[in-house]
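Engineer: Pasting the sequence and the predicted model now:
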Amino acid sequence: MGKRVTIQDVADRAGVSITTVSRYVNGRYESMSEKTRERIRAVIEELGYRPNALAQGLKASRTKSIAAVVVNMSYPFCVGFLRSLSLILTQSGYHLIVSETGGDAAIERDVVQSLLAQRVEAMVLQTGGENGDLLAAMAEQMPVVLVDRAFAIEGTHTIATNNREASREMALHLFNRGYRHVVYVTEDEAGIPTRVERLQGYEDACVARKADATVVHVNRQNVGTMERAARAVREMAEAHKGEPIAVYTANGLIMMQLYRLLRQLPLTVPGKLGMATFDEPDWAQLVDPTLTCVRQPVEEMGAEAGRLLLKRVNGSEAASDEPAEAAHIILPSHIVPGGSTL
């Protein structure tokens, strides 16, 4: 069986954007010259292109709805991101449909297909990366933005933060505060870009300071792993005869579960034990001492995603015969020092 002809093939041969071909297929000829229409028609006939099931499910009528698919709506990142995204979309007359997957690839696939059946005009996803084939096919027909986790999926746009650089800066911050040893606590990387990049940043800092990297993996669904992580910190303190130690967690959810166990250790905070996390939990300023964090540009990411989606669904590039390039936007995070590392 030969390779399936895609909308990208048609766009490349006709010398137009994917959006222009999609509009032609769906009978939306506004801002499209007769010459362009004829060229696309001829290429479709020449290549034998047939819109796939996704394309056939997209009607010409507008639903004014955009979908957001996230891992968990209660995550601090997701709460801030969705609020900001919704504000931008609402101001332009669009409404947001939100679904969550729990990080399960099969659920993600079912959710996405269900949203497609509701004829959403675009989608933003915090994906686990396992459904790249589906997302690439979607991107041939509608704007698809990947947020937080920047997987390389053809045709999609990405909005993320500088995880590796920010993680390196946090680890260096801890070394510079006098902590001789920094323990990094994370979940299984499992190919998830945010986890991989934050671990790399921590390791970069260890190399820069000629310090041993100590990485402890936990499972947030298994409290026993959290208890083992706390014991590992205590054992390290004992082995290094009371030298200052810092614990740096890969996200705020890990720190939330680990915090109580760390405070029960016979180590004064921040004198003998420093505590820091990537993410800024909503409780970070409520504990004593306050918690040192990496603050992600959550609201900015939501607003940027909203602007990007609106630009694509409203077809601002439709009048151009030049293919539109995918947007890859990286926004910087920064350290918020707290009393837990002073």
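Structural biologist: Here it is on my side, so go on. Residues are numbered from 1 along each chain as shown.

Engineer: what's the domain layout of this protein?
Structural biologist: Per automatic domain parsing, the structural domains of the chain span 7-51, 62-161+299-331, 163-296+336-341.

Engineer: Among these, show the one with the smallest mean pLDDT.
Structural biologist: Note on the domains of the chain: lowest mean pLDDT is at domain 7-51, with a mean of 82.

Engineer: re earlier: would you convert the domains of the chain into a markdown table that also reports mean neighbour count?
Structural biologist: C-beta: built from backbone N, CA, C; applies to glycine. A markdown table is the format used below for the domains of the chain (neighbours: other CB atoms under 10 Å):
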| stretch | mean neighbour count |
| --- | --- |
| domain 7-51 | 17 |
| domain 62-161+299-331 | 19 |
| domain 163-296+336-341 | 18 |
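
Engineer: would you list every one of the helices in the stretch 201-342 of the chain?
Structural biologist: With DSSP state H, counting those that start in this stretch as the criterion, the stretch 201-342 of the chain has helices at 223-239, 252-263, 298-313.

Engineer: Equivalent analysis for the stretch 51-200 of the chain, please.
Structural biologist: 53-57, 76-91, 105-117, 132-139, 163-176, 193-208.

Engineer: and the angle from the third one to helix 132-139?
Structural biologist: This points to helix 105-117. Counting by axes from the mean of the first three to the mean of the last three CA atoms, to 10 degrees, helix 105-117 lies at 20 degrees to helix 132-139.

Engineer: could the helices of the stretch 201-342 of the chain go into a markdown table alongside distance to residue 89?
Structural biologist: Shown next, in a markdown table, are the helices of the stretch 201-342 of the chain (distance: least, CB to CB, whole Å):
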| stretch | distance to residue 89 |
| --- | --- |
| helix 223-239 | 38 |
| helix 252-263 | 26 |
| helix 298-313 | 5 |
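
Engineer: right, and those helices - which one's nearest residue 107?
Structural biologist: For residue 107, the closest of those is helix 252-263, at 19.0 Å, according to CB to CB.

Engineer: elements contacting that closest one?
Structural biologist: The criterion is 3 or more CB pairs under 8 Å, 6 or more residues apart in numbering; DSSP states H and E, and the helices and strands that helix 252-263 contacts are strand 181-186, helix 223-239, strand 245-249, strand 273-278.

Engineer: follow-up on the earlier one: ok, which of the helices of the stretch 51-200 of the chain comes nearest residue 340?
Structural biologist: The nearest among the helices of the stretch 51-200 of the chain, by CB to CB, is helix 163-176 at 10.3 Å.

Engineer: what's the residue closest to the geometric middle of this structure?
Structural biologist: residue 148 (1.5 Å; CA atoms, centre = their mean).

Engineer: Was I right to think that residue contacts residue 126?
Structural biologist: Yes. Under the criterion of CB atoms under 8 Å, residue 148 makes contact with residue 126 at 5.0 Å.

Engineer: so how far is residue 332 from residue 231?
Structural biologist: Going from residue 231 to residue 332 by CB to CB, to the nearest Å gives 36 Å.

Engineer: again with residue 297
Structural biologist: Per CB to CB, residue 297 is found 7 Å from residue 332.

Engineer: Quick check: neighbours shared by these two?
Structural biologist: Here residue 297 and residue 332 have residue 161 as joint contacts, going by CB atoms under 8 Å, 6 or more residues apart in numbering.

Engineer: Looking at the two, which one has more neighbours?
Structural biologist: Per other CB atoms under 10 Å, whichever of residue 297 and residue 332 has more neighbours is residue 297, with 20 against 11.

Engineer: Skipping adjacent residues, who's closest to residue 149 in space?
Structural biologist: residue 193 (5.1 Å; CB to CB, 6 or more residues apart in numbering).

Engineer: try residue 115
Structural biologist: Computed as CB to CB, 6+ apart, the closest residue to residue 115 that is not its neighbour in sequence is residue 67, at 4.4 Å.

Engineer: Also residue 248?
Structural biologist: Spatially, and ignoring its direct neighbours in sequence, residue 248 is nearest to residue 276 (4.9 Å; CB to CB, 6+ apart).

Engineer: same thing with residue 7?
Structural biologist: residue 140 (4.2 Å).

Engineer: Hmm, that neighbour is touching residue 18, no?
Structural biologist: Yes. Look at residue 140 against residue 18 with CB under 8 Å: they come within range, at 6.2 Å.
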